[in-house]
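Participant: Got a sequence here, can you model it:
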Amino acid sequence: MATSEVCGNDYWMSFEVRASGGEVHTFDSFECAISRMRRRASTAAARSSGMAPTSKAGSLRATVCAMSPEVTPRWRRLEPDERREQILECARRLFGERHYSAVSTTDIAQEAGVARGLINHYFGTKRGLYLEVVRQVVFMPPPAAANLPAGPPQARVAAAVDWWLDAVWRHRKMWLSAVGAQGFGHDEDLEAIIEQAEEAGVERVLEALDLAGAGEATRAAIRAYGGFAAVAAREWLTRRTLTRDQLHALLSHTLLALVQDILPALPAAHGVPARR
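Facilitator: Residues are numbered from 1 along each chain as shown. I've put the predicted structure just below:
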């Protein structure tokens, strides 16, 4: 299995292209190969003839000529869902490495090895793509409660926190950008996504602790814990003031104390305004 030089994906059906100069390039689709080799072929044509190709067709023909006909027959065309996920993967990396304003759909298209129109087809605009990336990162797939270890709450909490830290680390650059909102200011769509993710996170914690159907005070406390966990994770990822093991212990013991000691000691609510 080889790694595509465009998006860094590992596909067992990837293939190699040998350029006329002897360089070997690895891709996962002909779209990626043509996109990456087009610029090289255009440069080679300009050097040999003194002028650049006059059309996309000319550039494409030069690209094909620059490719060796010896291509390993492991290629397959990606299905629409796979291509969409490839675009999202490349967008996650670019938005995680740069500010939103410094990333263009052209950048993402080149990184993914697709035409820019395909991004518009799937996501509409750069903003639409960014919001989908944020949604994917903050709505991390939940660990099924059935997969958590049986036994005392300590074991279940430790496993759930361990899973969350793994998920944050896997998408750490984009996660940091998403929770920081990248300087968007007041953005209703972005705030709605973050709020929905917070509510989903509350449900997952309650499910892991067998507290389904808990009242508003309990849910509010779990939401507050989620904010604490996000701040603590930034200490780990950016300031490096906590190790992963220290953060795991901090989050696990804090959640257990919240559920076992603090929530039972909360006074009954009197005159609390109803949620809108």
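Participant: May I ask which helix or strand of the protein has the lowest mean pLDDT?
Facilitator: helix 56-66 (a mean of 39; mean pLDDT, DSSP states H and E).
Participant: ok, and R135, which helix or strand is that part of?
Facilitator: Remark: R135 resides in helix 126-138, with elements defined by DSSP states H and E.
Participant: what's that helix in contact with?
Facilitator: Residues from elsewhere that reach helix 126-138 (C-beta atoms under 8 Å, 6 or more residues apart in numbering): 87-88, 91-92, 95, 100, 103-105, 108, 119, 122-123, 171, 174-175, 178-179, 189-190, 193-194, 197. Every C-beta, even on glycine, is put in place using the N, C-alpha and C of the backbone.
Participant: Drop the exposed ones from these and show what's left.
Facilitator: Buried members of the contacts of helix 126-138, counted by 16 or more other C-beta atoms under 10 Å: 87-88, 91-92, 95, 103, 105, 108, 119, 122-123, 171, 174-175, 178-179, 190, 193-194, 197.
Participant: Of the residues you listed, which belong to strands?
Facilitator: Among the buried ones among the contacts of helix 126-138, DSSP state E puts none in strands.
Participant: Keep only those of these that are in helices.
Facilitator: Mapping the buried ones among the contacts of helix 126-138 onto helices (DSSP state H) picks out 87-88, 91-92, 95, 105, 108, 119, 122-123, 174-175, 178-179, 190, 193-194, 197.
Participant: Just give the closest residue to A233, not the sequence neighbours.
Facilitator: Excluding its sequence neighbours, the residue lying closest to A233 (C-beta to C-beta, 6 or more residues apart in numbering) is V168, at 5.6 Å.
Participant: Give me the angle between the helix or strand containing that neighbour and helix 126-138.
Facilitator: Assigned by DSSP H and E, V168 belongs to helix 153-170. Calculated by axes from the mean of the first three to the mean of the last three C-alpha atoms, to 10 degrees, helix 153-170 forms an angle of 150 degrees with helix 126-138.
Participant: So for helix 153-170, mean pLDDT?
Facilitator: Across helix 153-170, the average pLDDT comes to 90.
Participant: Going by neighbour count, which residues of that helix are buried?
Facilitator: Of all the residues in helix 153-170, those buried under the rule 16+ other C-beta under 10 Å are R156, V157, A158, A159, A160, V161, W163, W164, L165, A167, V168.
Participant: what about the fifth one, distance to A217?
Facilitator: Between A160 and A217 the distance, using C-beta to C-beta, to the nearest Å, works out to 21 Å.
Participant: How about the last one?
Facilitator: In this view, V168 and A217 are 27 Å apart by C-beta to C-beta.
Participant: try D162
Facilitator: Relative to A217, D162 is positioned 27 Å away (C-beta to C-beta).
Participant: do L118 as well
Facilitator: Distance from L118 to A217, by C-beta to C-beta: 48 Å.
Participant: Between the two, point out the one with more neighbours.
Facilitator: Taking other C-beta atoms under 10 Å, L118 and A217 do not tie; L118 has more neighbours (17 against 14).
Participant: Distance of the more buried one relative to T26?
Facilitator: In terms of C-beta to C-beta, L118 sits 21 Å off from T26.
Participant: repeat for E132
Facilitator: Between E132 and T26 the computed distance is 28 Å (C-beta to C-beta).
Participant: residues of the helix holding R135 that come out buried?
Facilitator: Neighbour counts over helix 126-138 (16+ other C-beta under 10 Å) mark K126, L129, Y130, L131, E132, V133, V134, R135, Q136, V137, V138 as buried.
Participant: likewise stretch 228-239?
Facilitator: For stretch 228-239, burial by neighbour count (16+ other C-beta under 10 Å) applies to A229, A230, A232, A233, R234, W236, L237.
Participant: Same list, those residues, but as TSV with distance to V205 and pLDDT please.
Facilitator: Listed next are the buried residues of stretch 228-239 as TSV, based on distance: C-beta to C-beta, whole Å; pLDDT from 0 to 100:
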residue	distance to V205	pLDDT
A229	10	95
A230	13	93
A232	15	96
A233	15	96
R234	19	94
W236	19	97
L237	21	95
